[in-house]
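[1] Here is a sequence together with a model predicted from it:
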Amino acid sequence: MSLWVLRGLRDGVVTTRWPKRPDAYADGWRGPAVVRDPDPADTAGLSDLCPTNAIAVSQGGRRGRVRLDQGRCILCGWCVGARPDVFAWSAGAAGPRASALTRDRLVVPDVSETDETLAAVRASLRERTAALRRSVHIRHVDAGSDGSDEWEILALLGPVYDIHRLGIFFTPSPRHADILLVTGAGATGMAGPLRTTYDGMPDPKVVVAAGTDAVSGGLLGRSDITLGGISDVVPVDVWLPGSPPSPFGILSALLLAVGRLGDGREQA
């Protein structure tokens, strides 16, 4: 016991002050890949660089426009390593850029929604979750994860992130839950239990797809054993890419879900 006391006196308070104050560790965390040059002179083989087909090239004359779906990015780094002139890593795993309110918002550099459409989505979510401010309870469901997402969620309960300081708690019962936090590629065998959990939650309720697997199915995509994400089973309100997403990213998605963090994703 004395060793723990001495360690506490030596280290002091280790809990992050984010989101009230910036956190350098959060800002330095590597996020999904982005497109550095959307109109490169040489587009040959670009779409073949990604094992999850996240890269799309639309041909136009001698040059092609490159787009990247961050909802499919598993952070393998093949595209960045092979073509650093076209692709780069995004920085900052916390804040409004970590997650999005619509699936199309994860495609960079082009997005289909207008600012007015996104504002309407944001306003609707805030109105629906107006009562979920000071005390929020989460029901987490693993819908076919490889376990890496769960390690990051578990870190939220430690002294560094201390999710309880934000009035956010985990609950084993969907009857007491406000947010459904889902990880995993959407295994076919979990479709029924996931929907039952969602139906058992009281209104208003919010669904967060945490991680690339939950967003798009990741490496497995849509297959005989996976549904290619969870959106075919439950309606998703917040989309969080990452393989896995960082604890800061998960925190930002949860705060965005209850209207305590604005959606500031911009074109990359």
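    Arrived safely, thanks for sending.
[2] mind listing the strands in this structure by residue range?
    30-35, 55-60, 63-69, 87-91, 107-108, 136-142, 168-170, 179-183, 206-210, 238-240 (DSSP state E).
[3] can you list contacts of the first one?
    So that's strand 30-35. 54, 66-68, 70, 73, 75, 77, 79-80, 86-93, 97-98, 108-109, 212, 241-242, 249, 268 (C-beta atoms under 8 Å, 6 or more residues apart in numbering). Heads up, the C-betas are built off the backbone N, CA and C, glycines and all.
[4] Give the pairing partners of it; include direction for each.
    strand 87-91 (antiparallel) (DSSP bridges).
[5] what does stretch 152-160 contact?
    Under C-beta under 8 Å, 6+ apart, the answer for stretch 152-160 is 14-16, 140, 161-164, 170, 181, 183, 210, 244-247, 250-251.
[6] in it, what counts as buried?
    Glu152, Ile153, Leu156 (16 or more other C-beta atoms under 10 Å).
[7] Between those residues, which sits nearest Arg126?
    For the buried residues of stretch 152-160, the minimum distance to Arg126 (C-beta to C-beta) is 22.9 Å, reached by Leu156.
[8] confidence score at the closest one?
    On the pLDDT scale, Leu156 is placed at 96.
[9] Let me see the contact set for the closest residue to Pro245 other than its chain neighbours.
    Sequence neighbours aside, Gly211 is the residue nearest to Pro245 in space, at 5.4 Å (criterion: C-beta to C-beta, 6 or more residues apart in numbering). Listed by C-beta under 8 Å, 6+ apart, the contact set of Gly211 reads Ser145, Ser148, Asp149, Thr183, Gly184, Gly218, Leu240, Pro241, Gly242, Ser243, Pro244, Pro245.
[10] I figured Val215 hits Gly71, correct?
    Yes: assessed by C-beta atoms under 8 Å, Val215 is found in contact with Gly71 at 4.1 Å.
[11] Which neighbours do the two have in common?
    Once C-beta under 8 Å, 6+ apart is applied, the residues that Val215 and Gly71 both contact turn out to be Arg103, Leu106, Trp239, Pro241.
[12] To what extent is the first one buried, counted in neighbours?
    Using other C-beta atoms under 10 Å, Arg103 has 16 other residues around it.
[13] my guess is it meets Trp239, correct?
    Yes: shown here, Arg103 and Trp239 form a contact pair, counting by C-beta under 8 Å, at 5.6 Å.
[14] Return every residue with contacts to both of these two.
    Common neighbours of Arg103 and Trp239 are listed as Gly71, Val215 (criterion: C-beta under 8 Å, 6+ apart).
[15] contacting residues for the spatially most central residue of the chain?
    For the chain, the residue nearest the mean C-alpha position is Leu240 (1.4 Å; C-alpha atoms, centre = their mean). Listed by C-beta under 8 Å, 6+ apart, the contact partners of Leu240 are Ala98, Ser99, Val208, Ala209, Ala210, Gly211, Ala214, Val215, Gly249, Ile250, Ser252, Ala253.
[16] Any chance of a PyMOL selection covering the buried ones in the contacts of Gly211?
    Here is the PyMOL command that selects the buried residues among those (16+ other C-beta under 10 Å):
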select buried, resi 145+149+183+184+218+240+241+242+243+244+245
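[17] rewinding a little: quick one: which of Val215 and Gly71 has more around it?
    Per other C-beta under 10 Å, whichever of Val215 and Gly71 has more neighbours is Val215, with 32 against 26.
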